[in-house]
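Colleague: how would this look folded up:
(chains A and B)
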Amino acid sequence: MLGYYFKLALRNLNRNPGLTTLMIGAVALGIAVCVMTLTMYRAMSGNPIWWKNDVLYAVTLDAWDPKEPANEDRPELPPWQLTYRDAMALIESDIPKHKIIMHKAIGVVAVDGLRVKPERALTRVTTSDFFAIFDVPFKYGGGWAPRADEGPEPVAVLSKKMNDKVFGGENSVGRQIRWNDREFRVVGVLDHWLPLPIFYDVNNGSLEEPEDVFIPFGWNVALELQSAGNTNGWKPEEIETYQDFINSEDIWIQMWVELPDATARQRFQAFIDNYVIAQKKSGRFQRPLNNRLTPVDQWLIDNEVVGNDDRVLVGLAFAFLAVCLLNTVGLLLAKFLNNAPITGIRRALGASRRQVFMQHLVEVSVISSIGAVAGLALGGLMLMGLRALYTVDPTDGGGTQALAHVDFTSVATALLLALFATVAAGLYPAWRIGRIPPAIYLKAQ
Amino acid sequence: MTAWNIRPIASALWRNRTGALLVAFQIAIALAVLVNAVYVVKQRVDKINRPNGMDVQNMFVVASAGFAEDFDYDASWREDLATIRGLPGVTAATLISNIPLSGGGSSSGFQAQPGEFNPETSVPANTFEVDEQGVAALGIRLSAGRPFEAHEILAPTDTYGSAPQAIITKPIAKAMFPPNGDALGKTFYDGLNKPITVIGVIENMHGSWVGWDKLDHVMLFPRIKSGPNAVYMVRTEPGRRDALMRTVEERLGNSHPDRLLRWVRPLTYFEHQSYLDDRNMAIFLVSVTSALLAITALGIFGLATFNVSTRIRQIGTRRAVGARRMDIVRHFLVENWMVTTAGVVAGCGMALGIGYWLSVEYELPRLDLYYLVGGVFGIWLIGLFAALQPARRASAISPAVATRTV
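Modeller: Residues are numbered from 1 along each chain as shown, chains lettered A, B, ... in the order given. From the prediction side, this is the model:
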């Protein structure tokens, strides 16, 4: 029976081509806008490491000015980074399964004898656990041992992009590079890795790519490195030397820990609280005790990665879909009522209300399926347009990467949602047409 | 007043209310979205078009990184600046510690009185270090005082940086020396209580962060940017920027093996990037709202067409008993106007609700009622145009139809 209804539906599409096109167009447009907006929303606000949400925490301490909070709009939050001295103290703890302290620096990479022109390379200066704590995939080799942080040993990990650029994508493990005119040995090359948004350091925009080079944290003191992200201070201090800088109250280090269970979490919270209480005795940390372990999804909200604009856009997308659906309901009703005389004959010849209802529901499904396919194609086109809008400099990667690939989950979500909504919208017209008394139409024949 | 036939039209409409209600609901949503979208777009466009005080169209930025261990920063920037300033068409060039409008910069608090630093009463300022060509290279206008002179420029330092002299923008002058901001020659203090004398007042200049409410709190210090990474701000004669950017890239790109010319970019690049989200939001809102209005118009058109096609015989009968074409057109336009108006009334409530939510979320002023009035008239017009063609088609129905199937 369903096969027959399906045939009827296809035939009916041709009955009022104008009306049919209008309906399919409305469904397609609604779905396209939803696909586009949800993809954008996910790229900006999804949790790219959701599988570790209950074990991975950003560590923050309230070491800010006693007279005012670090962020006046959110006075309950501690500052978003740590001072160098606090980071160095907390990293000593054995409680976390993995722990890292890190920051971003500017670097220049050259290779002797291979390329004349050096490459600028954003660099992450980090401790050895970085790759394990964030499940970073390697193509060749691996990270460095914890002792490499202390030495510090001249070892480096390259991103896939940097390795492609400098070594043409070969296995470069064991090769030498010059980072800021100093010899480093490549110990690992990452595979493609693009966590969006870039949750682990949200200082400079959330649609950035990860860094190109990773080197051990110990090089900070050896090379007197400073942050290429944000360095913020509240205390007027005389800073003459690098030693003054790393002893100052300036915040510029990010810290993340992996705590496998609730016990570890409580122990680590107690550990940082005790550290701060001890520091209070020496005159630091004059604000109320406010030390936080923040999971990734809360971290993204606290740092306003999920912006107001994004939420407005999602609201707009749903308003748009609603209008498209109302339109579809109205048009379906018109179309079905136009065909009411035929339905009247069917009913008179013995079709039950249920059968008439089913027949029209199949017709609705056919229309919404065609609309969904057209909408998906249209949504893809819109995303390409959106990508162009977000491109500032075509030679630069950055934000546009996020929108380059249509994310499967958000497409599936939008599609299911739209299909479900359209079929649901078809229920009323299908039911209504089933209620038509057959006699009226028979009389007119 | 029988000519308008309000009551019969209304009761006919009510008997077939489902389609009309659906369209009215669409119109309500469309009005609510339209009014608020226009309002938000207006805010964004105003924000993007604020005057920033600089000669942005004729400026570009050069970034160089010295990476070799024996890199001589001092010699390098002197040579670079001499090269750039020597090019015909360059008006001025300066070393600058941060790039205005770029999103990266540094700020500190300052106070008018010496004594213990009080963050609550201090005046925040976005500070930049420039040399004696700084004012000319930024293309800013001084309303009082003078630019820095060459002998006043201090050597680079990594320390917490103020200087004995400063050029400040008017808003800082007003905040520091109320009520009229008469600041020239006066002294204020940095966080370490060091005195700073005002030698110039800038009419208007925007700093680094376009989202900051104190964007126009800018302070210039006479100091060479610290090394080994140099950033030059170059201003050119009108129309020569792009050619000069290529020249500078060629000259500086190959002049030293132990440094890397990181990039040469117009200042508009940074302006564009900083306002990218605002601009895209505006474009996105305009496109989606236009599509929404188009779909709503189609919905109105669809309803009117349907109403006409189901009443062909009634229309024929009315024509046969003496109604003029004009009466038929009027009937459908009035009917349609009733549907639109029902939608508009509901839409006003929704628009105000969304407007309230936006004003809370964005801390914007509450929705201006002019926008609502404009939106209502706009929707009325759209409704009228969408129904015009079906109404005219209805009026073309021949009175003979009435006799055909009877």
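Colleague: In chain A, what residue lies closest to chain B?
Modeller: A:Pro236 (3.2 Å; CB to the nearest CB). Using the backbone N, CA and C atoms, a C-beta is placed for each residue, glycine as well.
Colleague: check contacts around that residue.
Modeller: B:Phe117, B:Tyr160, B:Asp190, B:Gly191, B:Leu192 (CB atoms under 8 Å, 6 or more residues apart in numbering or on different chains).
Colleague: Now do the closest residue to the last one other than its chain neighbours against B:Glu116, distance only.
Modeller: I take that to be B:Leu192. Nearest non-adjacent residue to B:Leu192, counting by CB to CB, 6 or more residues apart in numbering or on different chains: A:Pro236, 4.8 Å away. According to CB to CB, to the nearest Å, A:Pro236 and B:Glu116 sit 10 Å apart.
Colleague: Would you mind putting the CA coordinates of stretch B:199-206 into PDB?
Modeller: C-alpha atoms of stretch B:199-206 as PDB (Å, rounded to 0.1, in the frame of the first residue of the first chain):
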ATOM      1  CA  ILE B 199      53.000  67.900  26.000                       C
ATOM      2  CA  GLY B 200      50.200  67.400  23.500                       C
ATOM      3  CA  VAL B 201      46.500  66.600  23.400                       C
ATOM      4  CA  ILE B 202      45.100  64.400  20.600                       C
ATOM      5  CA  GLU B 203      41.700  65.400  19.200                       C
ATOM      6  CA  ASN B 204      40.700  61.700  18.700                       C
ATOM      7  CA  MET B 205      42.400  58.400  18.300                       C
ATOM      8  CA  HIS B 206      41.300  54.800  18.800                       C
END
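Colleague: what about B:Val198, which helix or strand?
Modeller: strand B:195-202 (DSSP states H and E).
Colleague: next one: A:Val157
Modeller: strand A:155-158.
Colleague: Report the contact partners of the nearest residue to A:Ala132 once chain neighbours are set aside.
Modeller: Among residues not flanking A:Ala132 along the chain, A:His98 sits closest, at 5.3 Å (CB to CB, 6+ apart). Applying CB under 8 Å, 6+ apart to A:His98 gives the contacts A:Asp129, A:Ala132, A:Ile133, A:Val257, A:Glu258.
Colleague: Show me what the strand holding B:Val198 is packed up against.
Modeller: strand B:142-145, strand B:165-169, helix B:170-176, strand B:187-189 (3 or more CB pairs under 8 Å, 6 or more residues apart in numbering or on different chains; DSSP states H and E).
Colleague: quick one: average pLDDT of stretch B:73-89?
Modeller: The average pLDDT within stretch B:73-89 is 93.
Colleague: What residues sit buried inside it?
Modeller: B:Tyr73, B:Ser76, B:Trp77, B:Asp80, B:Leu81, B:Thr83, B:Ile84, B:Arg85, B:Leu87 (16 or more other CB atoms under 10 Å in any protein chain shown).
Colleague: With stretch A:330-338 instead?
Modeller: A:Gly330, A:Leu331, A:Leu332, A:Leu333, A:Ala334, A:Lys335, A:Phe336, A:Leu337.
Colleague: ok, back up a step: tell me which of the helices and strands packed on strand B:195-202 sits nearest to B:Pro124.
Modeller: Evaluated with CB to CB, the helices and strands packed on strand B:195-202 place helix B:170-176 nearest to B:Pro124, the distance being 8.9 Å.
Colleague: Now B:Tyr73: closest residue in space, sequence neighbours ignored.
Modeller: B:Gly227 is the one closest to B:Tyr73 (CB to CB, 6+ apart), at 3.2 Å.
Colleague: and that neighbour, what does it touch?
Modeller: B:Gly66, B:Phe71, B:Tyr73, B:Asp74, B:Trp77, B:Pro156 are the contacts of B:Gly227 under CB under 8 Å, 6+ apart.
Colleague: Apply 10 Å and report the result again.
Modeller: Taking CB atoms under 10 Å, 6 or more residues apart in numbering or on different chains, we find B:Gly227 in contact with B:Ser64, B:Ala65, B:Gly66, B:Phe71, B:Asp72, B:Tyr73, B:Asp74, B:Ser76, B:Trp77, B:Leu95, B:Pro156, B:Asp158.
Colleague: What is the neighbour count of A:Leu349?
Modeller: When counting by other CB atoms under 10 Å in any protein chain shown, one arrives at 8 neighbours for A:Leu349.
Colleague: and it, what does it touch?
Modeller: A:Leu349 touches A:Pro438, counting by CB under 10 Å, 6+ apart.
Colleague: Specify the local secondary structure of the residue nearest to B:Leu192.
Modeller: What DSSP: H, G, I helix; E, B strand; the rest coil gives for A:Pro236 is coil.
Colleague: Can you dump the C-alpha atoms of stretch B:149-162 in CSV for me?
Modeller: Extracted in CSV, the C-alpha atoms of stretch B:149-162 (Å, rounded to 0.1, in the frame of the first residue of the first chain):
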residue,chain,number,x,y,z
GLU,B,149,61.1,65.9,19.3
ALA,B,150,64.0,63.6,18.4
HIS,B,151,66.0,64.4,21.5
GLU,B,152,63.1,63.4,23.8
ILE,B,153,63.0,59.8,22.5
LEU,B,154,64.1,57.3,25.1
ALA,B,155,66.1,54.1,24.6
PRO,B,156,64.2,50.8,24.5
THR,B,157,63.4,49.2,27.8
ASP,B,158,61.6,46.1,29.0
THR,B,159,60.5,47.6,32.2
TYR,B,160,57.1,48.8,33.3
GLY,B,161,57.1,51.6,30.9
SER,B,162,56.0,55.2,31.3
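Colleague: Enumerate every residue touching the residue of chain B found nearest chain A.
Modeller: Using CB to the nearest CB, B:Gly191 is the residue of chain B that sits closest to chain A, at 3.2 Å. Under the criterion of CB under 10 Å, 6+ apart, the neighbours of B:Gly191 are A:233-237, B:108-111, B:117, B:119, B:122, B:160, B:162.
Colleague: which strands and helices sit next to the longest helix along chain B?
Modeller: As assigned by DSSP state H, the longest helix anywhere in chain B is helix B:325-362. Helix B:325-362 makes packing contacts with helix A:308-338, helix B:6-15, helix B:17-48, helix B:276-310, helix B:312-320, helix B:369-395 when contacts are defined by 3 or more CB pairs under 10 Å, 6 or more residues apart in numbering or on different chains; DSSP states H and E.
Colleague: Mark out where each domain of chain A begins and ends.
Modeller: A:2-48+A:307-444, A:62-290 (automatic domain parsing).
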